[in-house]
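**Student:** Please find the sequence and the predicted model below.
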Amino acid sequence: MTTNSMNHRITIKGNDFSIDKDELNCCASQIEDWMSTYFHPPFNGSGGIGGPIATYWASSPYMAGPYVMNSYGLIRGLCARARDENASEARLRAENLALYYLRSQDPTSGVYICSWGETPLVSNGLIQQASVVAALWDLQGAWPNREVAKSALRGWDACLQDRHLRSMWPVHNQALRACEALILGIQARGDDRPNSREKALLRRVGRLVAESQWAANSRVAGALPQALPNDDIIMPYQGKCLKPLIMLSEVLDDSLYLDIAQRLADFIVKNMEADESGPLLGSRYLPVGAGLKHARRLYRARRLFPFLEPHLRRHRQRRIEQWEFSPWPRWIARGLDTARGLYHLGLALKEDRYIKVGLAMLEKALEYRSPLGGIRNTLGFFGEDPDGVGQVWQDVAAIPRWNSYAIQFLHELASGAPVLKPQKPPEGAQDIVRLSGNTSLVETLTELHLVRDTGEEVWRLKKSQRWGRPFRQVCQWDEGAAIAGRKGLRQC
């Protein structure tokens, strides 16, 4: 597989692969330049990064204010450039972005605002909170700063003490991201190993993940369920677990976690190899079984009898008779934290096949660049083949959160090349995409809006403002991907 263009070059042929650091460095800079168009005042990153939210749960041109995950990958990617030529450029940008975190942290609880989990403005998520802490510890490790360390410590305490955040530790990818944040904090303070309390927490999470991984005789062998109470296998969340598992193996000096990561990676790779569309992540596996509904209700008894939890979970899993795979949507930019995990697992195991798949995913995603620089969102957002129903705006929009993952991976790959100074896309640059339903998505340096062929505006998002103009109440939207490709309506 060979791709050569002015924006990127990754060459994969047979058992060989090569990376042009300079071109991937340029690509990272261009995506970062596009991200800067979503900066809020004072437009240097310290006001946060806004943009539309397009995920499984909702799409929101209505709430478009700064969101903590939009900055996460940029900060961590820039920290990977700390030893490169022009590192002062990376430091300035990373510290400006981190300043938004410091300004948006609740001084009493330690929780960062704009860190919702599923729906904008509704509750905060553990993975969002832990990701901010991870980014701050990365920054502290590269360029020490007392205020950054204080914020990270308060943020970590919230992960352990906040009632809502504590309730999310049974979600495997969220707990593993929290472990990643803890390990980065240990490294930032200059320790090679965790203390006894930290080690107990890391081992507890690792044990639950090990117990949950599907065995070799299962159709979904190697996969991790979404959570202890939820057997769904959501493909974008599988890859999030790879890098934390590698870090657990290193810090605990236990190869068990590398074995878990390798089985998980084999499951991910097998799914992509069976997909004719190439190296893009599909949607999810949903369990089906006649007695599954009753077993799920019975599982609630764990709240009264916690010691029964493992038995109730195994009983529920035995009720699964088959798995339904929902291939749509296929994620583009969102898949790049999975690509990153596969790449780093390949390095850890010295297995080129994982590196090649990770790079192939990156190469494929870079084919979906918009003229302004961002990587597009999905194929088939509404749970159907886009060739049959046409593209919708959620497919073609470039989403800051997922592009943040892309920037992190690209900066890591480009490490060793000089850090480039960011520039905005050329004045007058725009992206116009014809969509299904006689509409078009139009993006400029300052706006993103959806218009009908008649000229009627459906909605408009001004990039520097917190609120867009909705055409329906958010809770009434039937978002397709929000129902995992199944027909039906999403109720409020």
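**Tutor:** It's in. Since the model is a prediction, treat every value here as computed from it, not as a measurement.

**Student:** Low-confidence ranges, the stretch 251-400 of the chain, go.
**Tutor:** Counting by pLDDT under 70, the stretch 251-400 of the chain has low-confidence residues at 276-277.

**Student:** what about the helices in it?
**Tutor:** With DSSP state H, counting those that start in this stretch applied, the stretch 251-400 of the chain shows helices at 256-273, 292-299, 309-318, 336-349, 352-366, 386-389, 393-396, 400-414, listed in chain order.

**Student:** Turn those into JSON lines, columns for mean neighbour count and distance to residue 462.
**Tutor:** From N, CA and C alone the C-beta is placed, and that goes for glycine too. Below are the helices of the stretch 251-400 of the chain laid out as JSON lines (neighbours: other CB atoms under 10 Å; distance: least, CB to CB, whole Å):
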{"stretch": "helix 256-273", "mean neighbour count": "20", "distance to residue 462": "38"}
{"stretch": "helix 292-299", "mean neighbour count": "15", "distance to residue 462": "44"}
{"stretch": "helix 309-318", "mean neighbour count": "16", "distance to residue 462": "47"}
{"stretch": "helix 336-349", "mean neighbour count": "23", "distance to residue 462": "27"}
{"stretch": "helix 352-366", "mean neighbour count": "23", "distance to residue 462": "27"}
{"stretch": "helix 386-389", "mean neighbour count": "13", "distance to residue 462": "28"}
{"stretch": "helix 393-396", "mean neighbour count": "24", "distance to residue 462": "16"}
{"stretch": "helix 400-414", "mean neighbour count": "27", "distance to residue 462": "15"}
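
**Student:** what's the closest of those to residue 94?
**Tutor:** When the helices of the stretch 251-400 of the chain are compared for distance to residue 94 using CB to CB, the nearest one is helix 400-414, at 10.4 Å.

**Student:** related to what we said a few turns ago, and the helices of the stretch 251-400 of the chain as a markdown table, adding distance to residue 224?
**Tutor:** Written out in a markdown table, the entries for those read as follows (distance: least, CB to CB, whole Å):
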| stretch | distance to residue 224 |
| --- | --- |
| helix 256-273 | 6 |
| helix 292-299 | 18 |
| helix 309-318 | 13 |
| helix 336-349 | 12 |
| helix 352-366 | 17 |
| helix 386-389 | 28 |
| helix 393-396 | 26 |
| helix 400-414 | 19 |
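
**Student:** Of all those helices, which one is nearest residue 424?
**Tutor:** Residue 424 lies closest to helix 400-414 among the helices of the stretch 251-400 of the chain, at 14.9 Å (CB to CB).

**Student:** For that closest one, name the packing helices and strands.
**Tutor:** Using 3 or more CB pairs under 8 Å, 6 or more residues apart in numbering; DSSP states H and E as the contact criterion, the elements in contact with helix 400-414 are helix 21-35, helix 68-79, helix 336-349, helix 352-366.

**Student:** State the next helix or strand along the chain beyond that helix.
**Tutor:** Where DSSP states H and E defines the elements, the next helix or strand beyond helix 400-414 is strand 431-435.

**Student:** now the angle from that following strand to helix 21-35?
**Tutor:** 80 degrees (axes from the mean of the first three to the mean of the last three CA atoms, to 10 degrees).

**Student:** In its sheet, which strands sit next to strand 431-435, and in what direction?
**Tutor:** Looking at strand 431-435 with DSSP bridges, its partner strands are strand 439-443 (antiparallel).

**Student:** what does the strand it pairs with rub up against?
**Tutor:** For strand 439-443, contacts defined as CB atoms under 8 Å, 6 or more residues apart in numbering pick out 370, 372, 393, 396-398, 430-435, 448-453, 458.

**Student:** mind running it again at 7 Å?
**Tutor:** For strand 439-443, the surrounding residues in contact (CB atoms under 7 Å, 6 or more residues apart in numbering) are 370, 372, 393, 396-397, 430-435, 449-452, 458.

**Student:** Can you say which of those residues are buried?
**Tutor:** Buried members of these, counted by 16 or more other CB atoms under 10 Å: 370, 372, 393, 396-397, 431, 433, 435, 449-451, 458.

**Student:** Adding distance to residue 301, write those residues out as TSV.
**Tutor:** Listed next are those as TSV, based on distance: CB to CB, whole Å:
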residue	distance to residue 301
370	50
372	53
393	44
396	46
397	44
431	53
433	51
435	48
449	51
450	48
451	53
458	48
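
**Student:** For those residues, work out which two are farthest apart.
**Tutor:** The largest separation in the buried ones among the contacts of strand 439-443, counting by CB to CB, is between 372 and 458 at 20.1 Å.

**Student:** show me where pLDDT drops low in the stretch 101-250 of the chain?
**Tutor:** Going by pLDDT under 70, which is the cut-off in play, the stretch 101-250 of the chain has low-confidence ranges at 118-122.

**Student:** how near is residue 258 to residue 250?
**Tutor:** From residue 258 over to residue 250 the distance is 9 Å, taken as CB to CB, to the nearest Å.

**Student:** repeat for residue 438
**Tutor:** Taking CB to CB as the measure, residue 438 and residue 250 are separated by 54 Å.

**Student:** go on, residue 137?
**Tutor:** 16 Å.

**Student:** of these two, who's got more company?
**Tutor:** More neighbours surround residue 137 than the other of residue 137 and residue 250, with 28 against 14 (other CB atoms under 10 Å).

**Student:** burial count for residue 301?
**Tutor:** Residue 301 has 12 neighbours, counted by other CB under 10 Å.

**Student:** Would you enumerate the residues in contact with it?
**Tutor:** Residue 301 is in contact with 308, 312, counting by CB under 7 Å, 6+ apart.

**Student:** Swap in 10 Å and give it another go.
**Tutor:** 308-309, 312 (CB atoms under 10 Å, 6 or more residues apart in numbering).

**Student:** Residue 232 too?
**Tutor:** For residue 232, the contact set (CB under 10 Å, 6+ apart) comprises 225-226, 284-287, 323, 484.

**Student:** quick revisit: among the contacts of residue 301, which one lies nearest to residue 166?
**Tutor:** Nearest to residue 166 among the contacts of residue 301 is residue 309, at 15.9 Å by CB to CB.

**Student:** correct me, but the closest one touches residue 302?
**Tutor:** Yes - taking CB atoms under 10 Å as the contact criterion, residue 309 and residue 302 are neighbours in contact, 4.2 Å apart.

**Student:** so what sits against both of the two?
**Tutor:** Contact criterion CB under 10 Å, 6+ apart; residues shared by residue 309 and residue 302: 228-229.

**Student:** for the stretch 1-150 of the chain, what spans make up the helices?
**Tutor:** According to DSSP H, counting those that start in this stretch, the stretch 1-150 of the chain carries its helices in the segments 21-35, 68-79, 87-103, 126-142, 146-161.

**Student:** Any chance of the ones you listed in JSON lines with distance to residue 213 as columns?
**Tutor:** Written out in JSON lines, the entries for these read as follows (distance: least, CB to CB, whole Å):
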{"stretch": "helix 21-35", "distance to residue 213": "33"}
{"stretch": "helix 68-79", "distance to residue 213": "26"}
{"stretch": "helix 87-103", "distance to residue 213": "33"}
{"stretch": "helix 126-142", "distance to residue 213": "19"}
{"stretch": "helix 146-161", "distance to residue 213": "23"}
